[in-house]
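J.: need a structure here:
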Amino acid sequence: MNSPASATHGVAYVEKLSPTITWWFVALFLSSMTAAMVYPVWHIGAIVVPAVVFALAAFWLVSMGAKILVTDTHFYAGRAHIERSYITEVEPLDSDAAFQARGPQLDARAFLMIRPWVKQAVRVHINDPADPTPYWVVSTKRPAALARALSS
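T.: Predicted coordinates for the structure are as follows:
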């Protein structure tokens, strides 16, 4: 199995999808709200519980980050990867088209690597006889650049 770390030669595209600052503020605000719930019962817990909740939220946000990597031979989207020879077509999707692709137009067999803080995506059509997945929908901040890298 190839890993993104070992596939550094022939890199055509790299993108890191990390949570935006807004998501960190939401995590901080929601964790601080737990102080109001705990204070009437446990005064010290009004400090401890929000700290624990924020630590868990931070762990979750960090784990939601993903890397997109296109090499000469493979396409990596988070932990998933596929040989580029199986890719038949790539469609860049603006925010409205990506919303439709993730919702009403979604094929249940499709692979999704989506992040809620990234509104745009690409749809990567797959033709692998051993895999019933018709396409991947992958969140990206630069759909046109990713589509060009996968199509070249």
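J.: Dihedrals phi and psi, Ala80?
T.: Dihedral pair for Ala80: phi -90, psi 150, per degrees, to the nearest 10.
J.: For it, give me its contacts.
T.: Applying Cβ atoms under 8 Å, 6 or more residues apart in numbering to Ala80 gives the contacts Phe111, Met113, Trp136. Heads up, the C-betas are built off the backbone N, CA and C, glycines and all.
J.: From Val38, how far off is the second one?
T.: To tie it back to what came earlier, the one meant is Met113. In this view, Met113 and Val38 are 36 Å apart by Cβ to Cβ, to the nearest Å.
J.: do the same with the last one
T.: Distance of Trp136 to Val38, computed by Cβ to Cβ: 43 Å.
J.: In the sheet, which residues pair with Tyr135? Tell me.
T.: Taking DSSP bridges, one obtains His125 as the residues bridged to Tyr135.
J.: Return the per-residue confidence for it.
T.: pLDDT, Tyr135: 98.
J.: what's the burial count for it?
T.: Using other Cβ atoms under 10 Å, Tyr135 is surrounded by 23 other residues.
J.: Same check on Leu150?
T.: Leu150 has 19 neighbours, counted by other Cβ under 10 Å.
J.: what about the residue lying closest to it once chain neighbours are set aside, which SS state?
T.: The shortest distance from Leu150 to any non-neighbouring residue, by Cβ to Cβ, 6 or more residues apart in numbering, is to Val90 (4.5 Å). Here Val90 is recorded as strand under DSSP: H, G, I helix; E, B strand; the rest coil.
J.: and if you look at Ser31?
T.: Under three-state DSSP, Ser31 comes out as helix.
J.: on that earlier part again, Trp136 and Val38 - which one has more neighbours?
T.: The neighbour count for Trp136 versus Val38, taken as other Cβ under 10 Å, is higher for Trp136 (21 against 17).
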